[in-house]
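> next come a sequence and a model predicted from it.
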Amino acid sequence: MDITEYTKNIPAGLLEFVREVKEKSPTPVLSIYVVGSVLTPDYQPERSDANSLFVVQAPETDFLDFLVGLGKRFGRQRVAPPLIMTEDYIRRSLDVFPVEFYNFREIHYTLHGNDLLRNLSIDRGCLRLQCEREIRAKLLWLGQIYLETLAENNELCQKMSASITGYIPIFRAILHLAGHEIHLAAQDTAAALETLLEIDTDIFQSLYAMKRNHTSLCGDEELRSLYSRLYNATKKVSNYVDAMAK
């Protein structure tokens, strides 16, 4: 995926945060990357956090304390606390978190150091297994939130719309496994999945639009329909990923 067009999204606050880390860090920082929605069409400067990933030799306490001090200032500029990893952690975690590292590999921009993410080798079997595990977990979660919220309209609606961001990285991984084109935009990703599975995934696009526009539903009947569509679509995705193992 070509993220070049969206590097202009990187906010000044994140660039200043990185500059201070590079100049003042008590511990050497090997590599710094921008990751996440800031490099996609989905980024909303007034609402979205700017995410980064730091690779260090060791996440020692003095380095963490240094970041805490910066976080108090840059957090107000929607600069999220960075993910902190070592090279060894990345190597040993590719089989545990292949969905996350696949998305890091495809959507990142190097601000400092070597590009360690560009050539990550993601095992297809591990990737499919995590996709299945994550989607099956969402089926359990959907049943749980319905009971936890007592199907109360606003709360259930908010939880469902907020959950859509967790689906999109999984959908990208599924499309990759199926040999289909991968998309940066969440709605394009959901639409591509609909084409692949030949099912109605408009529910995912609807939920994303609700999250992006901060809208909610009006009545119980509409809410029940939305919930049923989300559950059924999630189940169909789960069945598809399960069948990929056969």
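Right, received. Where do you want to start?
> which residues sit in contact with residue 199?
233, 236, 237 (Cβ atoms under 8 Å, 6 or more residues apart in numbering). All C-beta spots, glycine's among them, are computed from the backbone N, C-alpha and C.
> that one and residue 180, how far apart?
Residue 199 sits at a distance of 15 Å from residue 180 (criterion: Cβ to Cβ, to the nearest Å).
> how about residue 148?
Residue 148 is 35 Å from residue 180, by Cβ to Cβ.
> got it, and residue 68?
Distance of residue 68 to residue 180, computed by Cβ to Cβ: 42 Å.
> so the two - more neighbours on which side?
Of the pair residue 68 and residue 180, residue 180 is the one with more neighbours under other Cβ atoms under 10 Å, namely 14 against 10.
> tell me which element the nearest residue to that one once chain neighbours are set aside is part of?
Once flanking residues are discounted, residue 180 sits nearest to residue 196: 5.6 Å by Cβ to Cβ, 6 or more residues apart in numbering. Element membership for residue 196, per DSSP states H and E: helix 186-197.
> restricting to C-alpha, output that helix in CSV.
The C-alpha trace of helix 186-197 is given here as CSV (Å, rounded to 0.1, in the frame of the first residue of the first chain):
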residue,chain,number,x,y,z
ALA,A,186,-11.7,1.5,6.4
GLN,A,187,-14.8,1.7,4.2
ASP,A,188,-12.9,0.5,1.2
THR,A,189,-11.5,-2.4,3.2
ALA,A,190,-15.1,-3.4,4.3
ALA,A,191,-16.4,-3.1,0.7
ALA,A,192,-13.6,-5.3,-0.6
LEU,A,193,-14.4,-7.9,2.0
GLU,A,194,-18.1,-7.8,0.8
THR,A,195,-16.9,-8.6,-2.7
LEU,A,196,-14.6,-11.4,-1.5
LEU,A,197,-17.1,-13.1,0.7
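> next, the buried residues of it.
Neighbour counts over helix 186-197 (16 or more other Cβ atoms under 10 Å) mark 186, 187, 188, 189, 190, 191, 192, 193, 194, 196, 197 as buried.
> that helix - contacts with which helices or strands?
Applying 3 or more Cβ pairs under 8 Å, 6 or more residues apart in numbering; DSSP states H and E, one finds that helix 186-197 makes contact with helix 153-177, helix 202-213, helix 220-243.
> mind checking pLDDT for residue 145?
Per-residue confidence for residue 145 comes out at a pLDDT of 92.
> tilt between the host helix or strand of it and helix 220-243?
Using DSSP H and E, residue 145 sits in helix 124-148. On the basis of axes from the mean of the first three to the mean of the last three Cα atoms, to 10 degrees, helix 124-148 is oriented at 160 degrees to helix 220-243.
> the residue most central in space within the chain and residue 205: what is the separation?
Nearest to the mean C-alpha position of the chain, by Cα atoms, centre = their mean, lies residue 169 at 5.2 Å. For residue 169, the distance to residue 205 (Cβ to Cβ) stands at 16 Å.
> no further queries at this time; thank you.
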